[in-house]
Every structure is written in C-alpha cells, then in structure tokens.
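Peer 1: dropping the sequence and predicted coords here.
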Amino acid sequence: MTEILLDVRDLTVAFGTSRAVEGLSYQLARGETLAVVGESGSGKSVSSLALLGLLPPRAAQVLSGQAMFGGTDLLSLNDAELRRIRGRRISMIFQEPMTSLTPVLRLGQQLTEGLIVQEGLSARVAHSRACEMLERVGLDAPERRMRQYPHQLSGGQRQRVMIAMAMLVQPEILIADEATTALDVTVQGQILDLIRDLQAEFGMSVLMITHDMGVVAEMGDRVLVMHRGQKVEDGHVSDVLARPRAPYTQGLLEAVPRLGAGAALRSAPRDTAERRVILRADGLRKSFARRNWLGKTQAETHALDDVSFDLCAGETLALVGESGSGKSTTGRAVLGLMPLDAGRVMIEGRDLRDFSGSALRQARRHMQMIFQDPFASLNPRLSAARLVGEPLVIHGLARGQELTDRVADLFRRVGLDHGHMTRYPHEFSGGQRQRLSIARALATGPRFIVADEPTSALDVSIQAQILDLMRGLQQDLGLAYLFISHDLAVVERLAHRVAVMRAGRIVELGPTDQVLHAARHPYTQQLIAAVPVPDPALRRNRSALAYDGEMPMGPLTHVAPDHLVAQ
C-alpha cells in the first residue's frame, strides 16, 4: 500500500477579506511527484508557503484546514516547532535563488550553517559534506565554489547551489516553487534531471509548483490544477493532459506554445519584396575582463565574437541561446548602450558612431527596448499616463492636449483602458505592466524594438496575448523586432528568422522553419531536444542532449538558401 507522506485537508488562506486559497485538499505519497499548476494568483505558491509557516503573519491568515505530516499537523505548530521541520524534513527551493542566498556571505558559510547549527556537525565535517553535495549537483571545483559569492555564479549555477542546500539534510519532501521558470531550456533540462536523480537516490517526495505544462508532463506523477484559490482538477498526469475535464485546464493546455504549431500564427514580413535593411550588425566584438581583488586582469570573457546580422523593416529576428551566450549583450550593443571592442552598428545605412548631439537624439527615437521585468524598468512613482507620455515630452513630440490624446491612443493600441491612465505600476498585473512597457516603447514611433525576454515571466495565457499584441502592432506599424528569448516555441510563433548564439558567436542563422525543424548545428539540435512538451509520452530523450564531439564554432557557411551554419 502506498504510504501517504503529506495529507492536506480543507486548507483555506485569506489576505484580509480576500481568500487566496479555499478548501484545498490533496495527498502526497512517499517518492511521488505532485505537480501543482495554475496561473499567477491561483494560490499554488500561497498554499505551499502556508505549510511551512512562511506567509507574512500580519497580512495572511490560515482560516481552516489541516496538513498532516508524519502524524503532526503542520498548521498547528508554533515557529520553534516549524523550524525543526523546515529545512530539515521539508526543504523548499524558489524561482529566484538570489532572493534566498545572502549576497554578502560566501557560499560555503551559507551551505554549512544549517549543518552546524541544526545537525550539530563540526565545521570540518560540514564543509566536507557541502563540497560533496556541490559536486553531486554538477558544480565543478567545489572548493573554489565554497569561497565564491552568489553574484559570481550564473543563474543555473545559483539554482544548483539552492538544490544542494536543500538536499544537504536529505529531506523527506522537496517543494520546488517555479524552480526552473527563469532558466533557459538546456539549464532547465539539467535542473529537472538533477531533481529526478536526487529523488530516486534519496527516496524523497517532490511538490512541483509551476505554470509550465511542459514541466508538469516531464516531472509529474500526478497533477493538481488550481484556479482562483480552488482545486479545479486533479489526477494522473497522463490522464489530465490527454483528457482534461475542466474548461480551465483545457484553456491552459490550448494556450501552451508548442514547437511545430507556431508557424501558422506567424505573419509575413511587411517589406519582404524589397527587404529594406534598417539595422546591420557587422563583426561585433566585446570582452569583459575578470579582475582579482588587486584590480589585475585574470581572464577575459568574450561576450561577443564576430557577431553579424541584418534586420529588415517589418521583420522579427530572434536571438536564442542559453544564459551567457551573448543574446542580451547583442541587444544592448545594437542600441549603443555599451562601447564595442570592434565592429560597427549601422542604422539605416549610417554608422551609429557617427551620430552625435541632436542627430543621436533623433536616432534614439527610432530604437526602443522592452525588458523581461517591466516592474524593474518602470518608475514606481509615476502614473501610467506620465510613464507613457514621458518619451513624447523628452523628445519634444507633443504637449498639452495633443500629449493627452496621443497617450490615450497608445493605451488603446496596447489594449489598456482609459481608466488605467491614473494607476501606478504596482496596481497592474504582470501582463498589464508589459502592455504599459510596450506603449511607452511605441510612444516615439520607433523603427525597431529590442525585446529582451518580454514574455518569459508571464503565464502562458497572458504570454499568448502579449505575442498577439506584438504581432498586430508589427503588421499595423511595420515595426522590426530583435526578439531575445530562450523559449523556442514562443520564437516560432513570432520570428521570421532565428539566430542561434553560443559563447558569443552565432552558430546558426536562417528562416525559422529551417532552423527549428531542420537544424544543422549540434548546439541547435541540443536546444530543441531540451524543450519540455506538455505530453508525458514525449518526455525528453536524455541521450539526445549529449554531444561527444567538439562543437563547430567557425565561420558561417551557407547550407541552404539564407540558411547559414558554423563550420
């Protein structure tokens, strides 16, 4: 008989008069993975935080319910009793490890603290255990890692440290709250494989909280679907994903972008016949020096290494690749936001370095940027109307009633109501804030927009709405997009051409259908093989992710019309 490790019954959590979770019940068996899925605001994270007493005490209140774990009701324990369970028998990893790791402490101190304080181990034994676990989670040179600070690691490496920290005490339950959402597909695949391997090795149960149906299919034994604080459907993953009963579950699955389904949604470039080049990157090179504490250069990282491409009016060129491949650096470089070591950026035939004074100001009007996190890029003290109107004022494009009218028109274009104009950024949802960012970017009438992961932090249904908005604006206004993303299914829906980047170089460049469905470079093939799909029958083939030979990183050569691959 299956041993039930966690039994949650009728859990209800309220924030003031609003119920974030209502009447939630589920069971988690030993060694099982239960995926809890839903959009932002569905209550999935709140329900898990409530189990460990991590909700803000003044804002949140558990109104009812039980959470039986080993004969103990977690919801009835005080802080001291919960601390003996939290981080020992039940561990939790979060979406953004930088919010959980202390930036001013070395990783070694953070990894060993719990072992010394809670387990009573000596510093030497704790250090040895921590190094062993760092190696177990796939981090090289563990002794060096123990001396590093969190900011010295990549996002994927920091998440591995968080998993190591969670696994040091060999917990019975691991709660993974959107643990791979912000990672690129190859690192995401590695982290999912790591969690699965550790689960098999230690026999733990996993509560996987996510809005990614591909992750659900990849990891889950059973799935629980939440909407507005309530459970709307649960069952075996294969049954729920193949035959969803609840309309909400059906809608979630229909909104998931899938490789192979996006070509029909993609619009044709507006100026295909004449291919008017508005942006040309020619041999871009950029290095960053790594210095020791004396300020002496120890090594150089080649962020960009001979990067060249064109972007035509009305076209979307996607830059894809894993973290550290040079995608975002390329985006900043073409906007003139960083000096280059070599190469040039041409804006409609003119070298960007030739612009100065009023000519540079005029050029800046025609190139804008949309960021991944609009909350971090919008001034929280300005109203939405002022945020959208500010570029018009700065460039002297409108004032008075004309300014008001143009701001109102921009709100209408991006699907925001007139009543939204007086709100502030914190009063919008994530999708609405991204619409606000797009309206601000459109204000000056740009020719091209660099969109850096603009949908990666959004739920799938909101993501689809933003992609539809961007596609419609492109058709209406003839915009060109340099679209930076690690989500290949999203890229397929929007991009006309794809440039695959690895270690600062473009290794494959060509029409979207050719690159994604007839990939010639082994790195591109790895990226495609790493994409989780919402079908348990199509779980990733680990062997397809391995490549024994040396990755070709030479000059680009034509393998088909408009299709270039590094040799």
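Peer 2: Yep, it's here.
Peer 1: return the list of strands paired to the secondary structure element (helix or strand) that D310 belongs to, each annotated with direction.
Peer 2: Assigned by DSSP states H and E, D310 belongs to strand 297-312. The strands beside strand 297-312 in its sheet (DSSP bridges) come out as strand 277-291 (antiparallel).
Peer 1: any idea which helix or strand comes after the strand holding D310?
Peer 2: Per DSSP H and E, the first helix or strand lying C-terminal to strand 297-312 is strand 316-320.
Peer 1: so the strand holding D310 versus strand 316-320, what angle?
Peer 2: 160 degrees (axes from the mean of the first three to the mean of the last three C-alpha atoms, to 10 degrees).
Peer 1: in strand 297-312, what counts as buried?
Peer 2: A303, L304, D305, D306, V307, F309, D310, L311, C312 (16 or more other C-beta atoms under 10 Å). All C-beta atoms are positioned from the backbone trio N, CA, C, and that covers glycine.
Peer 1: mind checking how far the last one is from L564?
Peer 2: In this structure, C312 and L564 are 16 Å apart, going by C-beta to C-beta, to the nearest Å.
Peer 1: and A164, by the same measure?
Peer 2: For A164, the distance to L564 (C-beta to C-beta) stands at 40 Å.
Peer 1: so which of these two has more stuff around it?
Peer 2: Higher neighbour count among A164 and L564: A164, with 27 against 21, using other C-beta atoms under 10 Å.
Peer 1: now do the contacts for that one.
Peer 2: If a contact means C-beta atoms under 8 Å, 6 or more residues apart in numbering, then A164 has L111, A130, M133, L134, R136, V137, L139 as its contacts.
Peer 1: now it: which helix or strand?
Peer 2: helix 155-167.
Peer 1: next secondary structure after that helix?
Peer 2: strand 173-177.
Peer 1: strands paired with that following strand, and their directions?
Peer 2: According to DSSP bridges, strand 173-177 forms sheet pairs with strand 90-93 (parallel), strand 205-210 (parallel).
Peer 1: how far away from the center of its chain is the longest one?
Peer 2: Going back to what we said before, that points to strand 205-210. Offset of strand 205-210 from its chain centre (C-alpha atoms, centre = their mean, to the nearest Å): 18 Å.
Peer 1: for it, give the mean pLDDT please.
Peer 2: The pLDDT scores in strand 205-210 average 94.
Peer 1: tell me which residues in it are buried?
Peer 2: Neighbour counts over strand 205-210 (16+ other C-beta under 10 Å) mark S205, V206, L207, M208, I209, T210 as buried.
Peer 1: may I see those residues arranged in TSV, with distance to H521 as well?
Peer 2: Below are the buried residues of strand 205-210 laid out as TSV (distance: C-beta to C-beta, whole Å):
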residue	distance to H521
S205	40
V206	34
L207	38
M208	32
I209	35
T210	30
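Peer 1: for those residues, which one is nearest S64?
Peer 2: Among these, L207 lies closest to S64 (C-beta to C-beta), at 20.5 Å.
Peer 1: following the helix or strand of the chain with the lowest mean pLDDT, which helix or strand shows up next?
Peer 2: Sorting the helices and strands of the chain by mean pLDDT, DSSP states H and E puts helix 374-377 at the bottom, at a mean of 79. Using DSSP H and E, the helix or strand that follows helix 374-377 in sequence is helix 384-394.
Peer 1: distance from that next one to the middle of the chain?
Peer 2: 28 Å.
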